[in-house]
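[1] Next input, structure requested:
(one chain, ligands or ions: 1)
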Amino acid sequence: MANPETSETVAWSRSHLLGIADLEPAEIELLLDTAESFEEVARRPIKKVPTLRGRTVLNLFFEASTRTRSSFELAEKRLSADSLNFSGSGSALSKGETLIDTARNLEAMSPDLVVVRHQHPGVPHLLAERIDAGIINAGDGAHEHPTQALLDAYTIRSHKKTLKGLTVAIVGDIEHSRVVRSNIHLLTKMGSTVRVAGPRTLVPVHMDAMPVEVHHEVESAVEDADVVMMLRVQLERHKRALFPSVREYFRLFGLTEERLSRAKDDVIVMHPGPMNRGVEIDSAVADGPYSVILEQVANGVAVRMAILYLLMAMRGGEA
Ligand code: CP
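    Numbers count the residues shown, from 1 in each chain. Predicted structure coming up:
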């Protein structure tokens with residue numbers, strides 16, 4: 001496939017998608033271009049192509065998920081793959097089986113690809129070392145969520161035509177977010193300026209070492225921004241109280257129409273979900289004219305089809 005910016009042929013050569021940190025800009029561009037070619041499948045009367053017929057994809061979700069899990073399942077169905085769904089609760093893990101033993105037993109069923117979400121960082125990398133199937137990271141602890149960053153980039157590119165030269169403000173619980181880490185890697189590789197903002201207790205000190213501007217006021221973060229991405233406050237990961245109250249958080253960091261008016265006139269508002277209305281975002285903004293939050297969800301299917309397709313093609317499984 002040709003990269004339009006360099007006219008060089010770009011080939012996908014990875015067996016796994018473990019994170020964005022290792023990807024080259026040309027690989028990201030290839031993934032986004034491939035997703036574009038799958039987008040029209042959703043507009044067909046019969047939303048299915050035979051690309052992965054006879055291939056098996058195992059969806060291993062050890063943490064709750066609505067969007068990522070259903071998006072992968074739909075992407076697999078649209079590519080005609082056979083899906084096997086497995087969640088941590090209700091499995092033999094709750095009877096003391098180790099993760100590796102569980103994975104080996106599931107591998108005995110010969111899946112071609114494994115999609116994994118786990119509360120501990122590095123689990124997808126461990127599986128990639130131990131089993132033969134291609135591994136896709138669907139979120140590992142607070143480390144990375146590469147498919148979310150790719151669908152975010154796809155959504156931004158579809159509105160702004162390019163990622164280069166944009167200012168993207170990411171506001172919220174930076175400390176506990178895997179989405180922000182994958183987005184920082186991706187957006188800065190592709191030439192965007194990234195601002196992160198949140199209370200000091202929710203922005204890790206090591207953020208200074210990343211190629212981002214750190215803000216502690218939402219107003220300065222969104223000033224003239226092209227994109228405002230709001231993040232959920234992940235109360236379930238907080239080991240102690242990190243701000244006085246939800247009401248106080250919304251007062252200081254919640255995205256309201258008034259705050260959003262500081263951004264560019266053609267700003268888009270994003271959120272990876274799940275969204276807490278009245279905590280990090282006002283309903284008037286979430287449902288307002290600048291919101292592309294549901295587009296993100298729709299785009300996730302085409303992006304995940306592209307990932308499944310490229311990984312399987314690399315494994316010699318292209319239909
Ligand atoms: N964006 C995201 O990962 O949502 P889910 O937790 O519902 O998968």
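[2] how much space is there between residue 59 and residue 115?
    5 Å (CB to CB, to the nearest Å). Placement of C-beta: from N, CA and C, glycine included.
[3] Would you mind listing the residues touching both of the two?
    The contact sets of residue 59 and residue 115 overlap at 72, 138 (CB atoms under 8 Å, 6 or more residues apart in numbering).
[4] and these two? which has more neighbours close in?
    Taking other CB atoms under 10 Å, residue 59 and residue 115 do not tie; residue 115 has more neighbours (31 against 24).
[5] shaky segments in this structure?
    Scanning the chain for pLDDT under 70 picks out the ranges 1-10, 89-94, 317-319.
[6] Spell out which residues of it are next to the ligand.
    Counting by CB under 6 Å from any ligand atom, the chain comes close to the ligand at 65-69, 139, 145, 148, 272-274.
[7] May I see the PyMOL selection of the buried members of these?
    The following PyMOL command selects only the buried members of the residues of the chain next to the ligand, with burial defined by 16 or more other CB atoms under 10 Å:
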select buried, resi 65+68+69+139+145+148+272+273
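[8] For the ligand, what's its nearest residue on the stretch 151-300 of the chain.
    Of all residues in the stretch 151-300 of the chain, residue 272 sits closest to the ligand, at 3.8 Å by CB to the nearest ligand atom.
[9] Not counting sequence-adjacent ones, nearest residue to that residue?
    residue 179 (4.8 Å; CB to CB, 6 or more residues apart in numbering).
[10] What's the local residue count around the one you found?
    Residue 179: 27 neighbours (other CB under 10 Å).
[11] what helix or strand is it on?
    Using DSSP states H and E, residue 179 falls within helix 178-189.
[12] What's the first helix or strand after that helix?
    Of the helices and strands lying after helix 178-189 in sequence (DSSP H and E), the nearest is strand 193-197.
[13] from the middle of its chain, how far away would that following strand be?
    The chain centroid and the centroid of strand 193-197 are separated by 17 Å, computed with CA atoms, centre = their mean, to the nearest Å.
[14] re earlier: in strands, which of the residues of the chain next to the ligand fall?
    The members of the residues of the chain next to the ligand that map onto strands under DSSP state E are residue 139.
[15] Same question for the longest helix seen in the chain: list its buried residues.
    Secondary structure assigned by DSSP state H gives helix 293-314 as the longest helix of the chain. For helix 293-314, a neighbour-count test (16+ other CB under 10 Å) marks 293, 295-297, 299-314 as buried.
[16] what's the answer for stretch 192-206, then?
    Across stretch 192-206, burial judged by 16+ other CB under 10 Å covers 192-199, 202-204.
[17] if we look at that stretch, which residues are touching it?
    Stretch 192-206 has contacts (CB under 8 Å, 6+ apart) with 163-176, 180, 183-184, 187-188, 207, 211-218, 220-221, 225, 231, 233, 242-243, 249, 252-253.
[18] From the residues you listed, list just the buried residues.
    Buried subset of the contacts of stretch 192-206 (neighbour count, 16+ other CB under 10 Å): 163, 166-176, 180, 183-184, 187-188, 207, 212, 214-215, 218, 221, 225, 231, 233, 242-243, 249, 253.
[19] what about stretch 48-59, distance to the chain center?
    The answer for stretch 48-59 is 21 Å, by CA atoms, centre = their mean.
[20] what ranges do the strands span in the protein?
    For the chain, the strands defined by DSSP E cover 56-61, 82-87, 113-118, 134-140, 167-171, 193-197, 213-215, 227-230, 268-270.
[21] Remind me what the last one packs against, helices and strands.
    Packed against strand 268-270 by the contact rule (3 or more CB pairs under 8 Å, 6 or more residues apart in numbering; DSSP states H and E) you find helix 146-160, strand 227-230, helix 293-314.
[22] Please list all residues in contact with residue 175.
    Contact analysis of residue 175 by CB under 8 Å, 6+ apart lists 142, 198, 201-204, 242.
[23] Generate JSON lines for the residues you listed, with distance to residue 53 as supplementary columns.
    Formatted as JSON lines, the contacts of residue 175 follow (distance: CB to CB, whole Å):
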{"residue": "142", "distance to residue 53": "37"}
{"residue": "198", "distance to residue 53": "46"}
{"residue": "201", "distance to residue 53": "50"}
{"residue": "202", "distance to residue 53": "46"}
{"residue": "203", "distance to residue 53": "47"}
{"residue": "204", "distance to residue 53": "45"}
{"residue": "242", "distance to residue 53": "49"}
